[in-house]
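K.L.:
no sequence on this one, just coordinates:
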């Protein structure tokens, strides 16, 4: 390895006053050194300067079109169904092995299903072991351990055998992390926990001993395995600090990452090749602040190599994060989750996913992270005897959608001239664990996974004088590619509480707002017939012709020239309402772009050149 080094200076900011805080910091440092988690040399690095080799920076800059963040669902299903390890690996890497796959990285999260020195495996008497997911076959993981099989290393070896980069994704505070070190340990330290929105116990990272325990797991993953890197997943789950005091305790999380960076760089130096560090964080910088994640300090001190944004969010502050990163050797990725959905778009058609990805590429992401996607075709599933019905459903049509997306979403080039739907984010969680949008309460314990800053639903003003303004992003250059477009529509979904109780013939059609998986949950209270005559809709200030009511939506057909690439301003005005009427709401706003078949697109391009 080249010994030439690049210095990346950092600092801890202004000294903090108060003997208690100083003692607290010294106690944390002493505990880490005492447990062998941070060497004296690493502490010196943590005081302000890390050194990144040219090889490390080159590894950060490597091309990663799509990286796949895997939950342990496949492994649990194999245990439940007594599937062989060989068949499990064939299944788990099924789409990776297909021609045309854009998968360049596999990031595995295997929970406590493999042996480690610093924590026990899934307990035999745990709810997971005795429940549906393992099918009563928890002894399988203990048998593997006796036989000298570490299933995590099998995953690692099979991934690398295919020439694919391999990370371990560590869920910092998910549903089982409180008992990660054993039930007795958890019960012995009730003062080391915080409670999330639903009252679940989560480890409090403001406690130095908690950070030390968590670092011991990550240290073992770094030292004893040959992973190319680690992802610290702050999205699963985001409750790591006392509610309402997350930002005040931000230094605890920063110190945790600083200590981890020291560990991974020491491993890198010893093994002679790069060891990268990624973090999954909220979709906005202010959301990071809410959750106590001081990303600006991480970037300044070069604590991470990859920032992975969002989970259930379609709208990400990619440009702000890119500005924050500047010329630092840090990459920005975006997460597209197919289970913890954005509200209103559970299991969306491929056109919606294309639109989301096109927007992200236009804003400057370096790669896409697929989360909770299917992993293999029905043919491979049947051949291997596998069947997953958890984060994804092997018997749903999502498998084919994911299969197609793995070959399209990883590049702007492969997305060009494919039909897309560009949508506006809704608040809440769409039925998969997030706050309900129709019973909305401002979350207090965490920002991540809530979409609390989303624009929709949005009320319409009854005065007939004030537009409801919606920012809608269109990642394609539709104005430049008008000749390749077969159809372009702007679609609005409105709900009017004043029509409740009216006969169906007096209103436009009722429409589903947020189906979850295949189950409709929330419907519009449809506006009266003729509502389109009372609406004024503008795109970037241009008034559109009157819309038409179709299947509960109001449809407009604007020209492509009205749309800028990037953000567009949609204004919606309703007239003829009484001042004391309950406000109508805008539930969804979509731009649907239908391109001509590629053969016609090519012909149109040739004709344009000839002209």
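P.N.:
Structure's in. What do you need? Since we're looking at a predicted model, the values are computed, not measured.
K.L.:
Residue 205: neighbouring residues, count only.
P.N.:
Burial measure for residue 205: 25 neighbouring residues, criterion other C-beta atoms under 10 Å. No exception for glycine: its C-beta is placed from N, CA and C like everyone else's.
K.L.:
From residue 221, how far off is it?
P.N.:
Going from residue 205 to residue 221 by C-beta to C-beta, to the nearest Å gives 18 Å.
K.L.:
what do you get for residue 575?
P.N.:
For residue 575, the distance to residue 221 - C-beta to C-beta - is 61 Å.
K.L.:
Comparing the two, which residue is more hemmed in?
P.N.:
residue 221 (20 against 12).
K.L.:
ok, which stretches of the stretch 351-500 of the chain are helices?
P.N.:
Applying DSSP state H, counting those that start in this stretch to the stretch 351-500 of the chain gives helices spanning 378-384, 398-405, 412-415.
K.L.:
Looking at those, which one is packed in the most?
P.N.:
Stretch with highest mean neighbour count among the helices of the stretch 351-500 of the chain: helix 398-405 (a mean of 20; mean count of other C-beta atoms under 10 Å).
K.L.:
name the helices or strands packed onto that helix?
P.N.:
Secondary-structure packing of helix 398-405 (3 or more C-beta pairs under 8 Å, 6 or more residues apart in numbering; DSSP states H and E): helix 350-363.
K.L.:
Run the angle between the helix it packs on and helix 398-405 for me.
P.N.:
Here helix 350-363 points in a direction 40 degrees away from that of helix 398-405 (axes from the mean of the first three to the mean of the last three C-alpha atoms, to 10 degrees).
K.L.:
any low-confidence regions in this structure?
P.N.:
Residue ranges of the chain with pLDDT under 70: 1-49, 430-435, 518, 520, 599-611.
K.L.:
Span of stretch 545-564 from start to end?
P.N.:
One end of stretch 545-564 to the other measures 19 Å (C-alpha to C-alpha, to the nearest Å).
K.L.:
Mind listing what's buried along that stretch?
P.N.:
547, 549, 552, 553, 554, 555, 556, 558, 560, 562, 563 (16 or more other C-beta atoms under 10 Å).
K.L.:
repeat for stretch 574-593
P.N.:
For stretch 574-593, by 16+ other C-beta under 10 Å, it's 574, 577, 583-593.
K.L.:
mind giving me JSON lines with these and columns for distance to residue 472 and secondary structure?
P.N.:
Formatted as JSON lines, those follow (distance: C-beta to C-beta, whole Å; DSSP: H, G, I helix; E, B strand; the rest coil):
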{"residue": "574", "distance to residue 472": "18", "secondary structure": "strand"}
{"residue": "577", "distance to residue 472": "24", "secondary structure": "coil"}
{"residue": "583", "distance to residue 472": "21", "secondary structure": "coil"}
{"residue": "584", "distance to residue 472": "19", "secondary structure": "coil"}
{"residue": "585", "distance to residue 472": "17", "secondary structure": "strand"}
{"residue": "586", "distance to residue 472": "11", "secondary structure": "strand"}
{"residue": "587", "distance to residue 472": "14", "secondary structure": "strand"}
{"residue": "588", "distance to residue 472": "11", "secondary structure": "strand"}
{"residue": "589", "distance to residue 472": "6", "secondary structure": "strand"}
{"residue": "590", "distance to residue 472": "8", "secondary structure": "strand"}
{"residue": "591", "distance to residue 472": "6", "secondary structure": "strand"}
{"residue": "592", "distance to residue 472": "12", "secondary structure": "strand"}
{"residue": "593", "distance to residue 472": "12", "secondary structure": "strand"}
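K.L.:
and those residues, which two are the farthest apart?
P.N.:
Farthest pair in those (C-beta to C-beta) is 577 and 593. Separation: 31.9 Å.
K.L.:
Pretty sure residue 500 sits against residue 525.
P.N.:
Yes - Residue 500 lies in contact with residue 525 (C-beta atoms under 8 Å); the separation is 5.2 Å.
K.L.:
Between those two, tell me which one has more neighbours.
P.N.:
Shown here are residue 500 and residue 525; by other C-beta under 10 Å, residue 525 has more neighbours (18 against 11).
K.L.:
picking up where we left off before, do you know which of the helices of the stretch 351-500 of the chain lies nearest residue 296?
P.N.:
Taking C-beta to C-beta, helix 412-415 is the member of the helices of the stretch 351-500 of the chain nearest to residue 296, at 28.5 Å.
K.L.:
That closest one - contacts with which helices or strands?
P.N.:
helix 350-363.
K.L.:
Can you tell me what sits against the helix it packs on?
P.N.:
314, 316, 318-319, 322, 334, 336, 345, 368, 401, 404-405, 408-409, 411-412, 415, 418-423, 473-476, 565-566, 591-593 (C-beta atoms under 8 Å, 6 or more residues apart in numbering).
K.L.:
Give me the buried subset of the residues you listed.
P.N.:
Those of those that meet the buried threshold are 314, 316, 318, 322, 334, 336, 345, 368, 401, 405, 408-409, 411, 415, 418-423, 473-476, 565, 591-593, by 16+ other C-beta under 10 Å.
K.L.:
Report the separation between the closest residue to residue 440 other than its chain neighbours and residue 587.
P.N.:
Nearest residue to residue 440 in three dimensions, chain neighbours excluded: residue 427, at 6.1 Å (C-beta to C-beta, 6 or more residues apart in numbering). Using C-beta to C-beta, residue 427 is found at 11 Å from residue 587.
K.L.:
so what sits against both of these two?
P.N.:
Joint contacts of residue 427 and residue 587 (C-beta under 8 Å, 6+ apart) are 456, 457.
K.L.:
Grab the most central residue of the chain for me.
P.N.:
Centroid-nearest residue in the chain, with C-alpha atoms, centre = their mean: residue 311, separated by 2.2 Å.
K.L.:
Can you name the residues that contact it?
P.N.:
235, 236, 280, 335, 337, 340, 371, 448, 449.
K.L.:
Pretty sure the fifth one sits against residue 309.
P.N.:
By that I understand residue 337. No - between residue 337 and residue 309 there is no contact, the gap being 11.6 Å when judged by C-beta under 8 Å.
K.L.:
Settle it for me: which of the two has more neighbours?
P.N.:
Per other C-beta under 10 Å, whichever of residue 337 and residue 309 has more neighbours is residue 309, with 25 against 21.
K.L.:
Chain neighbours aside, what residue packs nearest to that one?
P.N.:
Spatial nearest neighbour of residue 309, chain neighbours left out: residue 316 (4.7 Å); criterion: C-beta to C-beta, 6+ apart.
K.L.:
how near is that neighbour to residue 306?
P.N.:
Distance, residue 316 to residue 306, using C-beta to C-beta: 14 Å.
K.L.:
ok, now residue 280?
P.N.:
9 Å.
K.L.:
Now for residue 306: which residues touch it?
P.N.:
Taking C-beta under 8 Å, 6+ apart as the test, what residue 306 contacts is 60, 229, 231, 276, 277, 278, 279, 330, 331, 332, 333.
K.L.:
Need the contact partners of stretch 472-480.
P.N.:
Stretch 472-480 has contacts (C-beta under 8 Å, 6+ apart) with 315, 355, 358-363, 420, 422, 424, 485, 488, 560-570, 589, 591, 593.
K.L.:
The stretch 301-450 of the chain: strands as residue ranges?
P.N.:
Assigned by DSSP state E, counting those that start in this stretch, the strands in the stretch 301-450 of the chain fall at 306-309, 331-337, 367-371, 420-423.
K.L.:
can you put the ones you listed in JSON lines and add distance to residue 80?
P.N.:
Formatted as JSON lines, those follow (distance: least, C-beta to C-beta, whole Å):
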{"stretch": "strand 306-309", "distance to residue 80": "29"}
{"stretch": "strand 331-337", "distance to residue 80": "23"}
{"stretch": "strand 367-371", "distance to residue 80": "22"}
{"stretch": "strand 420-423", "distance to residue 80": "36"}
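K.L.:
quick one, which of the ones you listed is nearest to residue 387?
P.N.:
Relative to residue 387, the nearest member of the strands of the stretch 301-450 of the chain by C-beta to C-beta is strand 367-371, separated by 20.2 Å.
K.L.:
what lines up beside the closest one in the sheet?
P.N.:
Each strand paired with strand 367-371, and its direction, by DSSP bridges: strand 66-70 (parallel), strand 331-337 (parallel).
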